[in-house]
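Peer 1: Based on what follows, work out the 3D shape:
(one chain, ligands or ions: 1)
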Amino acid sequence: MSSILGTYARKNISFKEGKGTFLYTENGDKYLDWVAGIATNILGHCHPHVVRAIQDQSKKLIHVSNAFIIKEAESLAKRLTDNTFADKVFFCNSGAESVEGSIKIVRKYFHKIGKPEKNRIISFSGAFHGRTLAALFLANNKSHTEGFGPKVDGFDQVAFADHEGLKKAINKNTAAIIAEPLQGEGGVKILPDYCLKGLREICDKNRILLVLDCVQTSFRTGTLLGFEYSDISPDICCVAKGFGNGFPIGAILLTNEVSKGMSQGSHGSTFGNNLLACAAAHAVLDIVLAKGFFEEVKTKGEYFDKELKKLKSSFPKIIEEVRGINFIKGLKLKVDNNNFMSKLMERKLLVVKASENCIRLFPSLLSTTEELDMGLEIVKKVCEEYRD
Ligand SMILES: *Cc1c(COP(=O)(O)O)cnc(C)c1O
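Peer 2: Just a heads-up that it's a prediction; the model follows:
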């Protein structure tokens, strides 16, 4: 009997080592890992540059209070603002914290500009924003909120990508709209291009804020932040998961305008700006900001997509749809996704479940074509098993 609170349905397997896109069990079994810590290990397991950065920093200093200047965090924030829409950054430790902080920033902004009645945020159905109370009721997934009432107030919801519904839902109390550029948990559903652009227009027209939750999509879509393939930008962007390549770190990126309300003492996080987290994130940026990095991700991403679509046309009774962008891919299945996942695991490929009977595929962004082929071959073999 485990002493850990039983909130997870764990597979009966554990790993002792990871290298690149592979995981190894105690007795040396090798698994191709397309779970990647749920979209966190974007550069594969134990990437040497990230390992070295954490080791080196851990010998010097691990944590200091935010009562002092933390140069490594200053330079990390500067790198983010130099390379994105953002003017300011707040560092935290997880995706949910980044969403919670964003909710606070939205409310405080309208308070600051003398419109405190604007305090409600609209989300899309199927959203996932993390497991803290406000994030739960923001996303409004009944299976996640059940039993956790009373409801946290201040949130409204419209159907996924429903702009007519959205226009109707906006009223004098609306402060912001929050959306994932691509719903990961919701079934690897890309917000259509009209929708991302339309969201920006709707927000501008109504003088409300646009928050993009890019916790899962960043890096994997083939750009630094998960929305940057579109030509819009949000007022606030949430980042976490891949940012530390497995080391916990989250960030809220925002514009100068929106940062107005956040004065000294308005928000905090004891572990935010932690030196090991900053070292890991710096190491990730060293790699992903290098010239040509994302071009290669896109080239491999296109190959991956093309090969997955070939599988779909070979097995139309098993694969209904290929979803996602570059290295955040999904397959909507016609056969039971749990059963399909078990069969993949028997053949040593690990993947993640998603809504709408999907599986999610998160290969390392550094996967070679051979490694992608290896996974594709396993998916193919499992499809053939169903046909037999
Ligand atoms: C995973 C996720 C979160 C929550 O992140 P945690 O680090 O688990 O708190 C929030 N939003 C999105 C889109 C996510 O995928």
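Peer 1: Isn't residue 32 up against residue 20?
Peer 2: No - with contact defined as C-beta atoms under 8 Å, residue 32 does not count as touching residue 20 (10.0 Å). (Glycine included, C-beta is placed from N, CA and C.)
Peer 1: Give the buried residues for stretch 228-241.
Peer 2: Buried residues in stretch 228-241, defined by neighbour count with 16 or more other C-beta atoms under 10 Å: 228-230, 232-241.
Peer 1: CA-only coordinates of the helix or strand residue 258 falls within in PDB, if you can.
Peer 2: Secondary structure assignment for residue 258, by DSSP states H and E: helix 256-259. What follows is helix 256-259, C-alpha atoms only, in PDB (Å, rounded to 0.1, in the frame of the first residue of the first chain):
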ATOM      1  CA  ASN A 256       3.900  47.200 -19.200                       C
ATOM      2  CA  GLU A 257       0.400  48.400 -19.400                       C
ATOM      3  CA  VAL A 258      -1.100  45.300 -17.600                       C
ATOM      4  CA  SER A 259       1.700  45.400 -15.000                       C
END
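Peer 1: List the buried residues for it?
Peer 2: Result for helix 256-259 [16+ other C-beta under 10 Å]: buried residues 258, 259.
Peer 1: Does anything pack onto it? Which helices or strands?
Peer 2: Using 3 or more C-beta pairs under 8 Å, 6 or more residues apart in numbering; DSSP states H and E as the contact criterion, the elements in contact with helix 256-259 are helix 95-112.
Peer 1: Check the offset of the next helix or strand after the helix it packs on from the chain's centre.
Peer 2: Counting by DSSP H and E, the next helix or strand C-terminal to helix 95-112 is strand 120-124. Remark: strand 120-124 is offset 18 Å from the chain centroid, using C-alpha atoms, centre = their mean, to the nearest Å.
Peer 1: For strand 120-124, enumerate its sheet partners and note whether each is parallel or antiparallel.
Peer 2: strand 155-158 (parallel), strand 174-179 (parallel) (DSSP bridges).
Peer 1: helix/strand/coil for residue 290?
Peer 2: coil (DSSP: H, G, I helix; E, B strand; the rest coil).
Peer 1: confidence score at it?
Peer 2: pLDDT for residue 290: 98.
Peer 1: Use 641 as the first number from now on
Peer 2: Noted, 641 is the first residue going forward, which turns the last one into residue 930.
Peer 1: From residue 923, how far off is it?
Peer 2: According to C-beta to C-beta, to the nearest Å, residue 930 and residue 923 sit 12 Å apart.
Peer 1: Tell me the buried residues in the helix or strand hosting residue 942?
Peer 2: According to DSSP H and E, residue 942 maps onto helix 933-954. The neighbour-count check on helix 933-954 (16+ other C-beta under 10 Å) flags 933, 934, 937, 938, 940, 941, 944, 945, 947, 948, 951, 952 as buried.
Peer 1: So which residues make contact with that helix?
Peer 2: 862-864, 927-928, 959-962, 965-967, 969, 971, 1001, 1003, 1005, 1007, 1009, 1012-1013, 1016, 1019-1020, 1023 (C-beta atoms under 8 Å, 6 or more residues apart in numbering).
Peer 1: mind listing what residue 654 touches?
Peer 2: 665, 666.
Peer 1: Actually, residue 791.
Peer 2: Neighbours of residue 791 in contact, by C-beta under 8 Å, 6+ apart: 777, 785.
Peer 1: Report the buried residues of stretch 684-698.
Peer 2: Under the neighbour-count criterion of 16+ other C-beta under 10 Å, stretch 684-698 has 684, 685, 687, 690, 693, 694, 697 buried.
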